[in-house]
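Undergrad: Below are the sequence and a predicted model; questions follow.
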Amino acid sequence: MSKTRRDFLVLGLMLAILAVLPLVGLPGWVITYTARIMAFAICAVALDLVLGYGGMVSLGHAAFLGIGSYAAGILIAEGIEDFFIGLAAGAAAAGLYALATGAIAVRTKGVAFIMITLAFGQMAFFVANALSEYGGSDGLTLWSRATLNGTRALKSDTTLYFVILAALVASLGVVRLVTASPFGAVLRAARNNPERVTALGYDVERVRLWAYVLSAVLCGVAGVLIANLTSFVSPALMAWQRSGEFIVMVILGGAGTVWGALAGAFVVLALEEGLSLATQHWKIAFGALLVAVVLFTRGGIAGLFDRSAR
Amino acid sequence: MTDAVLRLERLTKRYGALVVSDEVSVDVRPGEIHALIGPNGAGKTTLIGQIAGRVAPDAGRVFLAGEDVTALPAATRARRGLARTFQISALVSDVTARENVVLAIRSRSPGRLMPVPWFGARRFDEEAGARLTEVGLGDRADVIVSSLSHGERRALELAAALALQPKVLLLDEPLAGVGKDESRAIVKLIGGLRGRIPMLLVEHDMDAVFRLADRISVLVYGRIVATGTPSEVRADPLVRSAYLGEEDAAC
Ligand SMILES: Nc1ncnc2c1ncn2[C@@H]1O[C@H](COP(=O)(O)OP(=O)(O)OP(=O)(O)O)[C@@H](O)[C@H]1O
Ligand SMILES: [Mg+2]
């Protein structure tokens, strides 16, 4: 079997498991927690476009998640409850912030890019903290989830679960399409040799900027979903540690691969949950595990899988 | 003179106190191979960089087919017809030779940044294959660039540059580090383009330069000290002392 077919088979299998999970009588918290992981997985998949394919290490992606969730949360708090309006607002707000800040960030590379995306991420974090009308540093509790075509269908955790799964599938599809396109070819080529790509007539900064914006839009969508799932938005969503966690998901899962980011999100969040139940010092254990993966697997989990499948 | 394809007008570039380009005026006429020679550190690569748009000059202007392109970014200049190769091979190394050429071909088309898969682009694969055959890489098209030999990479750079269908080709030491046989093949290739594509050729290999060039300009410490036909330049006493003499002594 070709590698590509095998990869899509693995991805299909993972999504199939997620699709039947709510139907097998698991306790409610498992469903809600899995839905939460799926929302974060959207961010990992989105970051992979920038990091894995574009070679840009963004340490500010949690801000886009947070901006999306605040857009949805504020709309609900103001009585505009329609889910799709919230979705559009969250995506647009995150995309616009990425357009404005990315225009500056893509002019830099390497460590400078990491620092500048971190700075812009922190900026959003501090703004959220200062939003005293909307809870300030305590966050904002939403008294209801959004309405779906005027109904309260999203009140059901299972329904919301499937909405989040659909968004995850759509995000995977979008990233797949884009990376298989001429745009994606230029993005990847520019990761390898920006000078050559420029000399071939491509505006590398512009290509990187649009990848960054698209990635942010997907994170904004994830934010809207998280806001609805938890009925709560807070600055904590935008903490830089979360941006770091997204990077870990992508690298651990396998950057620039078909299903690596998705697997990474599940492994990281499930491990965090599992280890934090087992020991207070879970962060140390988690750190050790991470170092092991980076040292002993090239290309993360997806890379490990490739080598054992061969 | 006004019909020059490429014209540099008093290009000047300083790095601190070092004047790397000192009011350099050079032109490349339709169909000609114009060689630019000069000792190490004379400022040849920096000059190519200013023409291609990678390095901003402090003063002076660059005209492409009569149009002032001095303010245009490198990518735009490339699409307008300024193709280049690099002194140190610069290719996308983790994809095939074909993909490198396809990137060049696609860059001329309106769908070059289409965000969804473009199946119409398949025909570019064939065109790329033809381009690669032209430079003798026909059977190496689907090899990953990092597995190509140094000489093959040089040829591939040429193929990618040609696939842009340039108005002018800027070649920065296309023979640097290439073995004898491969070098002969590349010289033949460049010679075969004479009359079709005007070139500015930077090269240290004097045999190749005198075989290929229609005209030669000599750059020393950022300044053009002579321009003329190969025999004029060979006879120029200033050039002999400043450059060719050293070269002979070194060999
Ligand atoms: N970015 C830079 N900053 C400072 N000095 C530079 C820079 N780029 C080049 N130089 C200096 O400018 C001078 C000309 O360099 P350049 O690379 O153009 O020479 P060259 O003629 O191509 O030499 P070679 O034959 O060795 O390739 C050198 O002294 C070099 O050290
Ligand atoms: Mg040089």
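TA: Received the coordinates, thanks. Ligands and ions are numbered 1, 2, ... in the order given.
Undergrad: Skipping its backbone neighbours, what lies nearest whichever residue of chain A sits closest to ligand 1 in space?
TA: Across chain A, no residue is closer to ligand 1 than residue A:195, which sits at 13.7 Å (Cβ to the nearest ligand atom). Quick note: C-beta positions are derived from backbone N, CA and C, even for glycine. Spatial nearest neighbour of residue A:195, excluding adjacent residues (Cβ to Cβ, 6 or more residues apart in numbering or on different chains): residue B:90 at 5.2 Å.
Undergrad: ok, the one you found - contacts?
TA: A:193, A:195-196, A:199, B:157 (Cβ atoms under 8 Å, 6 or more residues apart in numbering or on different chains).
Undergrad: circling back to that earlier point, what's the first helix or strand after the helix or strand containing the residue of chain A closest to ligand 1?
TA: Secondary structure assigned from DSSP states H and E places residue A:195 in helix A:194-199. Later in the chain than helix A:194-199, the nearest helix or strand by DSSP H and E is helix A:204-230.
Undergrad: And that following helix, what's buried?
TA: A:204-205, A:207-230 (16 or more other Cβ atoms under 10 Å in any protein chain shown).
Undergrad: quick one: average confidence on that helix?
TA: The average pLDDT within helix A:204-230 is 98.
Undergrad: Repeat that for stretch A:184-197.
TA: The average pLDDT for stretch A:184-197 rounds to 97.
Undergrad: Just the CA atoms of it, as CSV, please.
TA: Extracted in CSV, the C-alpha atoms of stretch A:184-197 (Å, rounded to 0.1, in the frame of the first residue of the first chain):
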residue,chain,number,x,y,z
GLY,A,184,0.7,24.9,-0.8
ALA,A,185,3.5,23.9,-3.1
VAL,A,186,4.9,27.4,-2.9
LEU,A,187,4.4,27.5,0.9
ARG,A,188,6.4,24.3,1.3
ALA,A,189,9.1,25.2,-1.2
ALA,A,190,9.6,28.5,0.6
ARG,A,191,10.1,26.6,3.9
ASN,A,192,13.0,24.9,2.1
ASN,A,193,14.5,27.7,0.2
PRO,A,194,12.8,31.1,0.3
GLU,A,195,15.5,32.7,-1.9
ARG,A,196,14.9,30.3,-4.7
VAL,A,197,11.2,30.7,-4.5
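Undergrad: ok, which stretches of the stretch 1-150 of chain B are helices?
TA: Here the stretch 1-150 of chain B has its helices, by DSSP state H, counting those that start in this stretch, at B:44-52, B:74-80, B:97-106, B:122-134, B:150-163.
Undergrad: Settle this for me: residue A:144 is touching residue A:77, isn't it.
TA: No: the pair residue A:144 / residue A:77 is not scored as a contact, 10.2 Å apart, by Cβ atoms under 8 Å.
Undergrad: Quick check: the gap between the closest residue to residue A:117 other than its chain neighbours and residue B:69.
TA: Excluding the flanking residues, the one nearest residue A:117 by Cβ to Cβ, 6+ apart is residue A:60, at 3.7 Å. Applying Cβ to Cβ, to the nearest Å, the value for residue A:60 to residue B:69 is 36 Å.
Undergrad: just residue A:299 next, same as before
TA: 42 Å.
Undergrad: go on, residue A:121?
TA: 38 Å.
Undergrad: just to revisit the earlier point, what's the closest of the helices of the stretch 1-150 of chain B to ligand 1?
TA: Of all the helices of the stretch 1-150 of chain B, helix B:44-52 sits nearest to ligand 1, with 3.2 Å by Cβ to the nearest ligand atom.
Undergrad: Would you map the strands across the stretch 101-250 of chain A?
TA: A:140-141, A:232-233 (DSSP state E, counting those that start in this stretch).
Undergrad: picking that back up, single out the most deeply packed of the helices of the stretch 1-150 of chain B.
TA: Among the helices of the stretch 1-150 of chain B, helix B:97-106 has the highest mean neighbour count (mean count of other Cβ atoms under 10 Å in any protein chain shown), at a mean of 26.
Undergrad: What mean pLDDT does that one get?
TA: On average, helix B:97-106 scores 96.
Undergrad: now it against helix B:122-134, angle please.
TA: Here helix B:97-106 points in a direction 110 degrees away from that of helix B:122-134 (axes from the mean of the first three to the mean of the last three Cα atoms, to 10 degrees).
Undergrad: Show me where chain B has its strands.
TA: Listed from the start of the chain, chain B has strands (DSSP state E) covering B:6-15, B:18-24, B:27-28, B:33-37, B:59-64, B:67-68, B:82-85, B:168-172, B:199-202, B:215-220, B:223-228.
Undergrad: Let's have those strands in TSV, adding mean pLDDT.
TA: Output for the strands of chain B, formatted as TSV (pLDDT from 0 to 100):
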stretch	mean pLDDT
strand B:6-15	97
strand B:18-24	95
strand B:27-28	96
strand B:33-37	97
strand B:59-64	97
strand B:67-68	96
strand B:82-85	96
strand B:168-172	97
strand B:199-202	97
strand B:215-220	95
strand B:223-228	94
